[in-house]
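Chemist: Pasted the sequence and its predicted model underneath.
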Amino acid sequence: MHQLSGFPYARLVLDGEGAHRKPYDGSDLLKYLKTSADTDLIVIAHGWRNEEQDAQQLFQAFLKSASDGMKHLGLSKLARQTPVAGVFWPSMALPEHTAAVNGAASLGGGEADQQLGA
């Protein structure tokens, strides 16, 4: 397990079919959980339009904020003992310009169907 902003951290990477992608298949997380006394696990996932690098930066910023808040409350030890699983999945940036941007979307034909492969 790695550390991210003071938390034990494991990456879980899923492919387009929802299967784990090695080496980030969760095996390090399972090994950690089997040997630790931890009772909690934080699972975070990114949203649309985030590539892995962007998502990792978001996770790091979120966990740093959580860690800082825990320190302020005197709970630093809790952050060091609470593992986090960061879930990465195939998310693609959608085009900013679509037919719907220029007016109401139609039920068929036009640029939107071409972009969607319909």
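Modeler: In hand now; what should we look at?
Chemist: And the strand or helix carrying Gln60, what does it pack against?
Modeler: For Gln60, the enclosing helix or strand under DSSP states H and E is helix 52-72. Taking 3 or more C-beta pairs under 8 Å, 6 or more residues apart in numbering; DSSP states H and E as the contact definition, the neighbouring helices and strands of helix 52-72 are strand 2-4, strand 7-14, helix 76-81, strand 84-88. Yep, even glycine has a C-beta here, placed from its N, CA and C like the rest.
Chemist: so Gln11 touches Trp89, yeah?
Modeler: You called it Gln, but residue 11 is Arg. No: proximity of Arg11 to Trp89 does not meet the contact threshold set by C-beta atoms under 8 Å, at 11.6 Å.
Chemist: Those two: which is more packed in?
Modeler: Shown here are Arg11 and Trp89; by other C-beta atoms under 10 Å, Arg11 has more neighbours (22 against 16).
Chemist: ok, now which ones touch the more buried one?
Modeler: By C-beta atoms under 8 Å, 6 or more residues apart in numbering, the contact list for Arg11 reads His2, Tyr24, Ala85, Gly86, Phe88.
Chemist: what's the answer for Phe59, then?
Modeler: Residues Leu4, Ile44, His46, Val84, Gly86 are the ones in contact with Phe59 under the rule C-beta under 8 Å, 6+ apart.
Chemist: Lowest-confidence one in those?
Modeler: Looking at the contacts of Phe59 by pLDDT, the weakest one is His46, with 89.
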